[in-house]
Each structure stands twice: as C-alpha cells, then as structure tokens.
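J.: Would you be able to build a 3D model of this:
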Amino acid sequence: MRLKGKVALITGAGAGIGKACAEVFCEEGASVIVAEYDAETGKAAEAALRERGFACTFVQTDVSDGDAVKAAVDAAVSIYGRLDIIYNNAGGSSLMDGKVHETPYEEFWKKVGTDLFGVWAGCHHAIPHLIAAGGGAIINATSVLAIMGTKGRDAYTAAKGGIISLTRSMAVEYAEHSIRVNAVAPGVTTTERVRKRLEESNPGPMSTAARSLLGTVQPREIAYAVLFLASDEAKKITGQTIVVDAGLTIS
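T.: I've put the predicted structure just below:
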C-alpha cells in the first residue's frame, strides 16, 4: 500500500474528484479526513468508506472560512495523531463567471475566496503539522483553463492561475522541511456537475470536451495522479503542475 500509516486531509471530498481521491487514498492505506462543505454528501462519503472498513472521518468545512479549515486540520491531528498529506481540492467554476468587464465583483471574490484562499488556508494550517511529522505532501487543484487560456471564465482562471504560482513558491519555501508541493490540472472531468452541464449542452464543457483527444477524464483518473504525487514514488517531484487532460491542451 502506497499510503500505509499516512493521514490525509482532502477538501471537497464529498463528491466528484475529491470523493474519488478519498476512495483511492483509503484503498492505499491512508486514514482520511473528508473535509466537505455539503453535510449530506460528506456524511454519505464517510459512511460508504467506513462500510468498507476504512478509517475515515467527515468534517464539515467551508474552505473560504479560515477558521473552518483550521478546525478540519485540527480534527485530523486530534483523531489520527498526525497529518502527512493535504489535497486542496475544493473549488469550481460557475455559470455566473464571464468576461472581466461583465463579471460582478462578487463573483470574482467568490472564486478567489473558495479556489485560491481555500488552498492558501489549507496550507497555512496544515504546514506546521507536516513539519512536525518530518515532512509530507501538498497537492493543489488547479485547472487546464489556467494554463491554456479560455473564454467566459476569467475569475476562475485568475484564481486557478494563482494556485499554480503559489504551488511553485511554496515548493521553494518548504523544501528544507521535506515538504513537497505540487498541483494537478484536470481537463474535462465527468463529475456529477460536469455531466449535468454536458447533458444541458452548456457550450463551455461541450467545446473543451470535443477537443479532448482521449475523451473526457474520469474522476478516479485524476485521483491516481494525486495519489502518485502524495506517495513516496514522487519523492523527488516538487513545484510541478501535472496536467491530466486527455490531450486537451495540445489539441
């Protein structure tokens, strides 16, 4: 097992990529904190994993609230005795997003508060515990849209681009503590939310899905990339953004 004896915190782990990652981490021997805003999906994810005999605890967490993030990190250490891995996954785009000159202030700050600040807050509270554990792994969720440029998602891409820069600077900052910091940039991933948009023929996902050379990505396929970066197999990888996009960015 790649993560045997490790303790991991995953934000947004009640559904989609976060849920798939919680499953894979548990299967690989980790004890997992499901840090999820939605209580219903968070409890359901916890129950499903516990039913399979895994060590898993749901903590309701709004990543835009620094105190809530701290409570989730503290819960990990209190329940499982340490923290080795954090996957800052929570976030997402919104149909309210758009062009810079048309998007409301509120939408911009919402994306920054959830996507970018959520990552910063997770790292802010987790890093002292990773240092105490003798090192660890941080994986941050960004997006291919922050790399390739796109229309209609300017607030989202600004926040996700900030995550890439933050990942690089933290990789330099914390290497002396044996903490590796990387990011994963998913392409069009068939989470529940994206499937709904595809069914509704929303032009954003439809256009990018059509350019995914190997087809759309499954949440578990993203989880495998996160698992690799969390494991000792990636012990010499830091400051990188791993793109899992079925060829979208080269099409």
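J.: For the stretch 1-150 of the chain, which segments are assigned as strands?
T.: If DSSP state E, counting those that start in this stretch is used as the criterion, the strands of the stretch 1-150 of the chain fall at 7-11, 31-36, 56-60, 85-88, 136-141.
J.: Report the contact partners of the residue most central in space within the chain.
T.: Among the residues of the chain, the one closest to the centroid is residue 89, at 1.7 Å (C-alpha atoms, centre = their mean). Residue 89 is in contact with 10-13, 17-18, 21, 141, counting by C-beta atoms under 8 Å, 6 or more residues apart in numbering. Yep, even glycine has a C-beta here, placed from its N, CA and C like the rest.
J.: Please report how far it lies from residue 142.
T.: Computed as C-beta to C-beta, to the nearest Å, the residue 89 to residue 142 distance reads 11 Å.
J.: hmm, who's touching stretch 219-231?
T.: The contact list for stretch 219-231 (C-beta under 8 Å, 6+ apart) reads 2-3, 6, 8, 16-17, 19-21, 23-25, 28, 85, 87, 137, 139, 180, 182, 184, 186, 189-191, 234, 237, 242, 244.
J.: from these, which would you call buried?
T.: 2-3, 6, 8, 16-17, 19-21, 23-25, 28, 85, 87, 137, 139, 180, 182, 184, 186, 189-191, 234, 242, 244 (16 or more other C-beta atoms under 10 Å).
J.: Which of those fall within helices?
T.: The helices in this structure, assigned by DSSP state H, contain 16-17, 19-21, 23-25 from the buried ones among the contacts of stretch 219-231.
J.: and those, which two are the farthest apart?
T.: Farthest-apart pair in these is 16 and 25; separation 14.7 Å (C-beta to C-beta).
J.: Only the buried residues of stretch 61-68, if you could.
T.: When burial is assessed from 16+ other C-beta under 10 Å, stretch 61-68 yields the following buried residues: 61-64, 66, 68.
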